[in-house]
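[1] the following comprises the amino acid sequence and a computationally predicted model.
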Amino acid sequence: MESLVLIVGLMLAAVLLVGVGDRLRLPWPALMVVLGVVVALVPGLPDAFVLDPDLILPLFLPPLLYATAQRTSWSLFRARWRSIALLAVALVVVTVIAVAGVTAVLVPGITMTAAVALGAMVAPPDPVAVEAVAGPVRMPRRMLAVLQSEGLFNDATALVIFQTAVLATVRGDDLSLGGLALSFVLGAAAAVLIGLAVAYVARTVLARLTDTTGRSALTLVLPFAVYLLAEEVHASGVVAVVVVALQLRRLGDADEAAERLTQRSFWDVVELLVTGVAFGLIGLDLRQVVTEAGDALPSMLGHAAIVCAVVVGVRVLWMSGAYLVVRRSLDPSAAPRTGREAVVLAWCGMRGLATLALALSLPATVDGGAPFPGRVEITLIACAVLVVTLLLPGFTLPALVKVLGVAETAESEHAAEKAVSRRAQRAALNRMAEEERLRDLPEEVSAALRERMSRLDAVLGGETMSEDERNRFDTLRKRASALQEVQASALASARAEVLAARGEPGTDPEAADRVLRRLDLRTVLLD
């Protein structure tokens with residue numbers, strides 16, 4: 001019962017802290033971590049809240065990955081494949097090597113394989129933490145796209161290294177670089193195939209489900225199912241979930257306006273509650289780590305501070321090198337393009353759920369019954385890196401973005417939406433012209449419809465419709481039954497054009513989604 005009360009309490013706290021975070025202009029997930037730490041320090045609190053480490057990733061990561069991946073597109077990943085390779089693979093490997101080398105020197109009695117396991121824990125910035133902290137900050141979309149691309153795939157690299165290093169430590173074997181590379185390639189390839197296959201089956205099932213509630217429920221079950229399926233065959237569950245989300249979004253029908261609105265609201269609620277519980281548990285589990293450290297806590301914290309500096313330093317150096325390369329690039333969507341942008345991206349290396357889950361999943365003993373080398377200190381260092389890289393950027397990133405002058409202006413954000421909304425308007429007007437040739441519409445109805453569709457660009461751009469215009473349009477609907485059919489056809493063409501634009505290189509998926517949401521709302525309201 002205590003665990004149930006705790007979970008409900010964390011959900012309620014998440015709802016309340018969303019409002020607090022908005023007022024204070026602070027990321028509410030970081031506030032949830034602080035709340036968890038405060039609650040954990042309450043004397044006499046039972047340990048019933050401790051969750052099986054093997055359940056942390058399967059319970060929390062699939063739905064949050066799925067929700068995050070829905071905001072991007074295949075075209076964005078095709079355009080970002082170099083960034084993904086350099087950040088989600090190369091940077092993770094370099095961080096693992098740096099952390100393992102420093103840890104092997106600092107921690108007495110630790111083996112190199114155990115040090116590599118620690119490096120794998122702290123190497124990948126968490127996609128959930130990055131989205132929660134950096135998402136609300138008004139930074140250029142190309143910078144946020146780089147962070148999202150990195151976060152969605154780097155866990156796959158870290159998990160392969162971690163699992164191989166832990167197995168080698170338990171068995172007393174040496175690490176095989178060739179075996180690591182082969183495991184990563186095979187796991188990622190298998191995950192892509194699984195994701196595509198599951199997306200095809202899911203789309204077939206969704207096409208036969210007429211109930212919107214049932215369709216939304218299926219999308220909730222889907223991330224867990226594909227994650228567990230991939231992990232069962234030793235593929236990457238992280239990659240499989242991302243592929244399913246991207247493919248289902250690509251296969252979406254332009255006429256599914258009501259379903260998109262329903263699922264958007266549904267997933268907003270799911271994401272809020274799951275994120276709140278997950279980040280709250282991060283804070284709560286820190287008490288267990290501190291308790292296990294005992295009298296050795298001061299020296300362990302000293303080692304942890306050094307490792308934190310290494311983790312941050314490696315990312316700073318890497319982003320500095322990326323800036324030197326990207327500034328010569330002709331791609332306008334690349335980042336970082338300035339030294340200031342490099343500082344912001346370097347500061348956005350937030351660790352989160354993956355780091356905590358891997359730290360708590362370390363086995364207590366190795367083959368033969370001996371304790372796992374340096375297990376307590378490894379766990380403490382991993383949690384220290386999590387706290388430092390999550391809370392410091394979480395509370396300082398908005399101010400840093402503002403001070404450095406890399407905040408996205410309202411005009412540039414509006415321009416991205418405007419480009420998509422103009423395409424939607426042109427598609428709607430072209431469809432109107434075709435319908436007028438096919439139907440014998442009264443001139444008054446045709447003129448009113450042309451006027452309404454000519455203002456579609458302004459409406460989709462966020463301008464409001466006057467009450468007089470709404471009443472006049474409603475009157476026209478009642479006078480001519482053909483009005484609704486023609487307008488529905490025009491709006492369908494506009495939606496199809498937006499979906500086509502969303503999948504093209506150079507189009508910001510987030511801007512396209514905002515335009516599509518307004519089109520969906522107009523379709524549903526006028527249906």
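    Everything's here; your move.
[2] ok, and the closest non-adjacent residue to Ala129?
    Gly352 (3.4 Å; Cβ to Cβ, 6 or more residues apart in numbering). Where C-beta positions appear, they are placed from N, C-alpha and C, glycine not excepted.
[3] for the one you found, give me the backbone phi and psi.
    phi -160, psi -120 (degrees, to the nearest 10).
[4] close enough to count as contact, it and Leu386?
    Yes - using Cβ atoms under 8 Å, Gly352 is in contact with Leu386, at 6.8 Å.
[5] and these two? which has more neighbours close in?
    Between Gly352 and Leu386, counted using other Cβ atoms under 10 Å, the more crowded position is Gly352 (30 against 27).
[6] shared neighbours of Gly352 and Leu386, anything?
    Residues touching both Gly352 and Leu386 by Cβ atoms under 8 Å, 6 or more residues apart in numbering: Ile282.
[7] which parts of the stretch 101-250 of the chain are helices?
    Along the stretch 101-250 of the chain, the stretches classed as helices by DSSP state H, counting those that start in this stretch are 112-122, 127-134, 141-171, 177-208, 212-232, 237-250.
[8] what do you get for the stretch 351-500 of the chain?
    Using DSSP H, counting those that start in this stretch, helices in the stretch 351-500 of the chain cover 353-360, 375-404, 410-438, 443-454, 456-460, 467-479, 481-502.
[9] the last one: what's the following helix or strand?
    From helix 481-502 onward toward the C-terminus, using DSSP states H and E, the following helix or strand is helix 509-525.
[10] quick one, that next one and helix 481-502 angle?
    For helix 509-525 against helix 481-502, the angle by axes from the mean of the first three to the mean of the last three Cα atoms, to 10 degrees is 170 degrees.
[11] C-alpha coordinates for helix 509-525, CSV please?
    The C-alpha coordinates for helix 509-525 follow below in CSV (Å, rounded to 0.1, in the frame of the first residue of the first chain):
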residue,chain,number,x,y,z
PRO,A,509,8.5,18.5,-37.9
GLU,A,510,7.5,20.6,-34.8
ALA,A,511,6.3,23.5,-37.0
ALA,A,512,4.4,21.1,-39.3
ASP,A,513,2.8,19.5,-36.3
ARG,A,514,1.5,22.8,-35.0
VAL,A,515,0.0,23.7,-38.4
LEU,A,516,-1.5,20.2,-38.7
ARG,A,517,-3.1,20.5,-35.3
ARG,A,518,-4.8,23.7,-36.3
LEU,A,519,-6.0,22.1,-39.5
ASP,A,520,-7.3,19.1,-37.5
LEU,A,521,-9.1,21.4,-35.1
ARG,A,522,-10.8,23.2,-37.9
THR,A,523,-11.8,20.0,-39.6
VAL,A,524,-13.3,18.6,-36.4
LEU,A,525,-15.1,21.8,-35.4
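[12] now for Glu377, how many residues are close by?
    25.
[13] residues in contact with it?
    107, 110, 293, 296, 300, 303.
[14] ditto for Gly187
    156, 160, 234-236, 239.
[15] what's the lowest-pLDDT member of those?
    Least confident entry in the contacts of Gly187, by pLDDT: Ala156, with 81.
[16] would you confirm that that residue contacts Ala189?
    No - the pair Ala156 / Ala189 is not scored as a contact, 11.2 Å apart, by Cβ under 8 Å.
[17] of those two, who's got more company?
    Ala156 (23 against 13).
[18] so the more buried one versus Val376, what's the distance?
    Applying Cβ to Cβ, to the nearest Å, the value for Ala156 to Val376 is 28 Å.
[19] thinking again about what came up before, in JSON lines: the contacts of Gly187, plus distance to Leu91.
    Conversion of the contacts of Gly187 to JSON lines gives the following (distance: Cβ to Cβ, whole Å):
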{"residue": "Ala156", "distance to Leu91": "13"}
{"residue": "Val160", "distance to Leu91": "15"}
{"residue": "His234", "distance to Leu91": "24"}
{"residue": "Ala235", "distance to Leu91": "23"}
{"residue": "Ser236", "distance to Leu91": "18"}
{"residue": "Val239", "distance to Leu91": "17"}
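[20] among those, the buried ones, what's the ChimeraX command?
    Buried residues among the contacts of Gly187 (16 or more other Cβ atoms under 10 Å), as a ChimeraX selection:
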select :156,160,235,236,239
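[21] any idea which of the contacts of Gly187 is closest to Gly101?
    Distance to Gly101 across the contacts of Gly187 (Cβ to Cβ) is lowest for Val160, with 19.7 Å.
[22] list the contacts for that closest one?
    So Val160 contacts 180, 183-184, 187, 236 (Cβ under 8 Å, 6+ apart).
[23] what of Val274?
    60, 63-64.
[24] next, the buried residues of the host helix or strand of it.
    Secondary structure assigned from DSSP H and E places Val274 in helix 257-293. In terms of neighbour count (16+ other Cβ under 10 Å), helix 257-293 has its buried residues at 257, 259-263, 266-267, 270-290, 293.
[25] likewise for stretch 10-29?
    Residues of stretch 10-29 classed as buried by neighbour count (16+ other Cβ under 10 Å): 10-11, 13-14, 17-18, 21, 26-29.
[26] and stretch 355-363, by the same measure?
    Residues of stretch 355-363 classed as buried by neighbour count (16+ other Cβ under 10 Å): 355-362.
[27] which residues of the stretch 351-500 of the chain score low on pLDDT?
    Applying pLDDT under 70 to the stretch 351-500 of the chain picks out residues 407-417, 435-446, 449-450, 452-484.
[28] tally of neighbours for the residue nearest to Gly374 when sequence neighbours are not counted?
    Nearest in space to Gly374, with sequence neighbours left out and distances taken as Cβ to Cβ, 6+ apart, is Ile110 at 3.8 Å. Neighbourhood size, Ile110 [other Cβ under 10 Å]: 22.
[29] got it, and the one 5 residues further on?
    By other Cβ under 10 Å, the residues close to Ala115 number 26.
[30] so how far is Gly101 from it?
    As defined by Cβ to Cβ, Ala115 lies at a distance of 8 Å from Gly101.
[31] now Gly19
    As for Gly19, its distance to Gly101 is 45 Å (criterion: Cβ to Cβ).
[32] same check, this time on Met300
    On the measure of Cβ to Cβ, Met300 and Gly101 end up 18 Å apart.
[33] those two: who's more crowded?
    Met300 (23 against 15).
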